[in-house]
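> Build me a model from this:
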Amino acid sequence: MRIVVLGSGISGLSTAAELLRARHEVIVVSAEPLTATTSFLAAAVWFPTAAGPADRVRAWSETTFGHLAALAAAGAPGVRMCESMALYRDAPAIPDWSRSVRSFRVAERRELPPGYEFGFRFEVPLVEMPAYLPFLSAQVDAAGARRVLRAVRSLEDLADLSPDVVVNCAGLRAADLVDDPEVYPIRGQIVRVANPGLSVSVRDEAHPLGRAYVHPRAHDCVLGGSLDTGEWDTAPDPELTRSILRRCRDLAPGLADSEVLETVVGLRPGRRAVRVELDTAVLPGTPVVHNYGHGGSGITIGHGCALESAALVAAL
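Numbers count the residues shown, from 1 in each chain. A predicted model of the protein is given here:
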């Protein structure tokens, strides 16, 4: 079939790759270049965040974990397995996600930074999106995808491409394209700093100043962050930058003198429930498969959602 995939972030490209593997003709339509997508800015460490429902997210997450782990083993650009630690000030229960990660254990006292009494150690995929996303995009192109760079104001704008199916991976834009009032922005601000030699990803989801994480990459560290529901402003907030630096230095004191390289803001596509489903009503005469609303879990559930989207196409 001729399939138009709307969107070129991690969801759109992952879905396009699966459809091409099934030998469909694929046209990827996007309004912006790869480097302007929210996916390109993402810290991109596997960790279910701001997405539901829990049972489907767990299944998608576990599928995606296996996919990313295989990519890491194969040496895919920007993908590696990363030692990680979740920190707590009060004694925590064993988290649900512990069953999905590798090498889960209680952190030893010597591994904890000052001020923390509890923690878990585990291993998860870390994806450097400025390296991986171009690699995935090149794979999609090499498999024969056609690219169309243009803004789409409604799904009817795709009629000239004569699609048999449309796959809607438009993220936040889906709210207007399919009149979905459940879609909302989740503003995320991150700070990039020079990496002083850190290798362990650290997070505290309940830091008194706000959620905090430190994700070390090859040449920098991504520090975060925020989950500001309903906020559209993409201008960096200097006060929030200072707060992020302060809380992240609690997690990783070695960051104390790291040079600040950049502060960026992205708008994640939030929704009460991730929408992966067939819709035969929104575009009369052409079935639409929706794949959007991933919240802060795009890299964590992206491959699982792509597989399910491709299966919905195959069932037509």
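> Can you say which helix or strand has the closest residue to Thr38 other than its chain neighbours in it?
Of all residues not flanking Thr38 in the chain, Gly266 sits nearest, at 4.3 Å (C-beta to C-beta, 6 or more residues apart in numbering). The C-beta positions use only the backbone N, C-alpha and C, and glycine is treated the same way. Using DSSP states H and E, Gly266 falls within strand 260-270.
> what packs against that strand?
helix 38-41, strand 184-194, helix 238-251 (3 or more C-beta pairs under 8 Å, 6 or more residues apart in numbering; DSSP states H and E).
> Using CSV, please lay out those together with mean pLDDT.
Formatted as CSV, the helices and strands packed on strand 260-270 follow (pLDDT from 0 to 100):
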stretch, mean pLDDT
helix 38-41, 92
strand 184-194, 97
helix 238-251, 97
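> And those: which comes nearest Thr300?
Nearest of these to Thr300, taken as C-beta to C-beta: helix 38-41 at 12.1 Å.
> Could you look up the next helix or strand downstream of the closest one?
By DSSP H and E, the next helix or strand past helix 38-41 is helix 54-74.
> Name the residues that touch that following helix?
For helix 54-74, contacts defined as C-beta atoms under 8 Å, 6 or more residues apart in numbering pick out 46, 48, 51, 79-81, 96-97, 100-102, 124-125, 127, 273-274, 276, 297, 299-305, 307-308.
> hmm, back to that, name every strand pairing with the strand holding Gly266 and say which way it goes.
With DSSP bridges as the test, strand 260-270 is paired with strand 184-194 (antiparallel).
> ok, back up a step: tell me the buried residues within the contacts of helix 54-74.
46, 48, 51, 79-81, 97, 100-101, 124-125, 127, 274, 276, 297, 299-305, 307-308 (16 or more other C-beta atoms under 10 Å).
> Which members of those occur in strands, if any?
Among the buried ones among the contacts of helix 54-74, the ones falling in strands (DSSP state E) are Val79, Arg80, Met81, Val124, Pro125, Val127, Val276.
> with these in mind, which one is nearest to Val29?
For those, the nearest to Val29 is Val276 (19.1 Å; C-beta to C-beta).
> In the sheet, which residues pair with the closest one? Tell me.
Asn291.
> again with Val222
Beta-bridge partners, per DSSP bridges, of Val222: Arg192, His215.
> Quick check: it touching His215?
Yes. The pair Val222 / His215 is scored as a contact, 4.5 Å apart, by C-beta atoms under 8 Å.
> Return every residue with contacts to both of these two.
With C-beta under 8 Å, 6+ apart, Val222 and His215 have common neighbours Ala43.
> circling back: with mean neighbour count and distance to Val28 as extra columns, can I get the helices and strands packed on strand 260-270 in TSV?
Formatted as TSV, the helices and strands packed on strand 260-270 follow (neighbours: other C-beta atoms under 10 Å; distance: least, C-beta to C-beta, whole Å):
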stretch	mean neighbour count	distance to Val28
helix 38-41	22	13
strand 184-194	21	23
helix 238-251	18	34
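> can you put those in TSV and add distance to His290?
Formatted as TSV, the helices and strands packed on strand 260-270 follow (distance: least, C-beta to C-beta, whole Å):
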stretch	distance to His290
helix 38-41	18
strand 184-194	16
helix 238-251	32
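> between those, which one is nearest to Thr229?
Nearest to Thr229, of these and by C-beta to C-beta, is strand 184-194 at 5.6 Å.
> mind exporting the closest one as PDB, just the C-alpha atoms?
C-alpha atoms of strand 184-194 as PDB (Å, rounded to 0.1, in the frame of the first residue of the first chain):
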ATOM      1  CA  TYR A 184      -1.800  19.200  25.500                       C
ATOM      2  CA  PRO A 185       1.800  20.400  25.700                       C
ATOM      3  CA  ILE A 186       4.200  19.300  28.400                       C
ATOM      4  CA  ARG A 187       7.000  21.800  28.500                       C
ATOM      5  CA  GLY A 188      10.400  20.500  29.200                       C
ATOM      6  CA  GLN A 189      13.500  22.600  29.800                       C
ATOM      7  CA  ILE A 190      17.000  21.000  29.900                       C
ATOM      8  CA  VAL A 191      20.500  22.300  30.400                       C
ATOM      9  CA  ARG A 192      23.500  21.000  28.500                       C
ATOM     10  CA  VAL A 193      26.800  21.200  30.400                       C
ATOM     11  CA  ALA A 194      30.300  19.900  29.700                       C
END
